[in-house]
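>>> what follows is a predicted protein model with its sequence.
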Amino acid sequence: MPLRRLCGRSRRSGFRPIRLVAGAVLVATVLVAGSSVHAQSRSADPPEVTVVKISGPLDPVLADFIEDSITQAEHRRAAWLVLWMNSSDTVIPDTKVAELVERVRTAKVHVAIWVGQSRARAEEGAGQLTAVADAVSIGLRGHLGRFGEPVVDPARFTPAYRDALARLKTESVNGETAEDLGLIKAQAPNIGDFLIRLDGVQTKIVKTDKGPRRTPLGVVFRSLPVGSRFMHTVASPPVAYLLFIFGMGLILFELFTAGVGVAGLVGAGAFVLGCYGLAVLPARPGAIALLVLSMVAFAVDVQTGVPRVWTGIGTAALVTGSLLLYDGVGISWITLLVGIGGILLFVLGGMPTMVRTRFSTPTIGRDWMVGEEGEAVAPVDPDGVVQIRGALWRARTNRATPLAAGDPVRVVEVDGLLLEVEPLEGAAKDYRH
């Protein structure tokens, strides 16, 4: 009996290691199977396709955004980086455009460009990016071309673009012509149709009101950050122009008011933003000087309350500076009408009224002013501006005794907001009474 117990314990103790080994093998099998399933699920994820929208003049903000998008797509190992392009003007130096072209050409991710939506364009610097992209297509009524002189060696362009370069330097071609020239494989009416044609992009069939259609998978859209978008807007030619001139107008308004108010703060902010935009854009220094001169000229006549020679000088400087402001970048006639018309309406209508209100007092109780002495701050012939006890007033004198700026004057009558004045010596005799 003891022998059997001994034998029994011996058999049970012999099975215990076997059970432990079997359990370990089972756990390992489950873990390996689980990791295999997880790896399969990860490998089943569609490759990422990053789409970034590039719209407006190619300025430093957009150039940095394109370079940053390429870097991020490389780090994320995206299958494609797609530039959704609509840009017809370039306001960065050729050296910067050349760096951007090289960045697109040597990117470690496939770069594609879709010129869309309808009537979109890829011209100048943006157009030269299409010459080194891995895939290009055009939306409905879109155009690409008008490259100008290449910023890099044309040998780095794709063969079709090299062959058509002589034409693309000065001409912008539509989708049909681009397809005939071999610049694109086919037109794509929308971004979705373009994406599903790219090699390696996974798709799935979805049901729509117009029947089943293919849609791309793994698409990630990226846009300019809010701050960058704001600065990109400020740097657009019409916005920079309007901010600059209206900022100066509001500062001029504040000079004729007491203290610093909202108009002055808003004007200073608009002026600073306008200066940033003009610094980024190809603005002519001479034209900027003319715009500043126009405000100085307007300020001279605002004091008199009536248009004079300086108003004509200011108007001529404003119109000339506006028309010649940018080198190679145009401004629409609507923008010019808003800018020039708004400033003229402001300085010829609003400013004189404000000045009269600012430097006038109620009619009742102004008899004390009769006999007061002061001086003319602008010629009074017969209308002008005088200073009485530190306040500016519109004034009128007898035509026979005009006053020059700086001449001493005496108030002889108060007529509403207008003072009748005469020189201290040599005044013409008044026979009206």
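Cool, got the structure.
>>> and stretch 373-391, which residues are buried?
G374, A376, V377, A378, P379, V380, D383, G384, V385, V386, Q387, I388 (16 or more other CB atoms under 10 Å). Yep, even glycine has a C-beta here, placed from its N, CA and C like the rest.
>>> out of the residues you listed, which two sit at the greatest distance?
Spanning the widest gap among the buried residues of stretch 373-391 are P379 and I388, at 16.7 Å by CB to CB.
>>> next one: phi and psi at the residue lying closest to R121 once chain neighbours are set aside?
Using CB to CB, 6 or more residues apart in numbering and skipping the chain neighbours, the partner closest in space to R121 is S88 (4.3 Å). Taking degrees, to the nearest 10, you get phi -120, psi -10 for the backbone angles of S88.
>>> do I205 as well
I205 has phi and psi values of phi -90, psi 130 when expressed as degrees, to the nearest 10.
>>> quick one: pLDDT of D94?
Among the per-residue scores, D94 holds a pLDDT of 92.
>>> then P307?
With respect to pLDDT, P307 has a value of 68.
>>> in the chain, which helix or strand is least confident?
Each helix and strand of the chain was given a mean pLDDT (mean pLDDT, DSSP states H and E); the minimum falls on helix 2-43 at a mean of 48.
>>> my guess is the residue nearest to R121 contacts V115. True?
No - assessed by CB atoms under 8 Å, S88 is found out of contact with V115, at 10.4 Å.
>>> more neighbours: those two, which one.
Between S88 and V115, counted using other CB atoms under 10 Å, V115 has the larger neighbour count: 30 against 19.
>>> so who does that one touch?
Contact analysis of V115 by CB atoms under 8 Å, 6 or more residues apart in numbering lists M85, N86, R121, A122, T130, V136, S137, I138, G139, G142, H143, L144.
>>> the second one: how many residues sit nearby?
Spelled out, it's N86. 20.
>>> repeat that for the last one.
Look at L144: counted by other CB under 10 Å, it has 32 neighbours.
>>> just give the nearest non-adjacent residue to it, would you?
Nearest one to L144, counting by CB to CB, 6+ apart, is A122 at 4.3 Å.
>>> name the SS class of that neighbour, please.
Three states are possible here, and by DSSP: H, G, I helix; E, B strand; the rest coil the one that applies to A122 is strand.
>>> quick check: which element contains V206?
For V206, the element it lies in under DSSP states H and E is strand 203-208.
>>> how far does that strand sit from its chain's centre?
The chain centroid and the centroid of strand 203-208 are separated by 38 Å under CA atoms, centre = their mean, to the nearest Å.
>>> likewise for stretch 341-349?
Using CA atoms, centre = their mean, the offset of stretch 341-349 from its chain centre is 25 Å.
>>> again, but for stretch 129-144
With CA atoms, centre = their mean, you get 23 Å for stretch 129-144.
>>> kindly report the same for stretch 327-341.
Chain-centre distance of stretch 327-341: 15 Å, with CA atoms, centre = their mean.
>>> what distance separates the start and the end of that stretch?
23 Å (CA to CA, to the nearest Å).
>>> if you count neighbours, what's buried in that stretch?
Within stretch 327-341, the residues scored as buried using 16+ other CB under 10 Å are V329, I331, T335, L336, V338, G339, I340.
>>> before we move on, what about stretch 205-220?
Across stretch 205-220, burial judged by 16+ other CB under 10 Å covers P216, L217, G218, V219.
>>> need the residues that contact it.
Contacts of stretch 205-220 (CB under 8 Å, 6+ apart): 45-51, 78-79, 192, 195-196, 201-204.
>>> cool, thanks, signing off.
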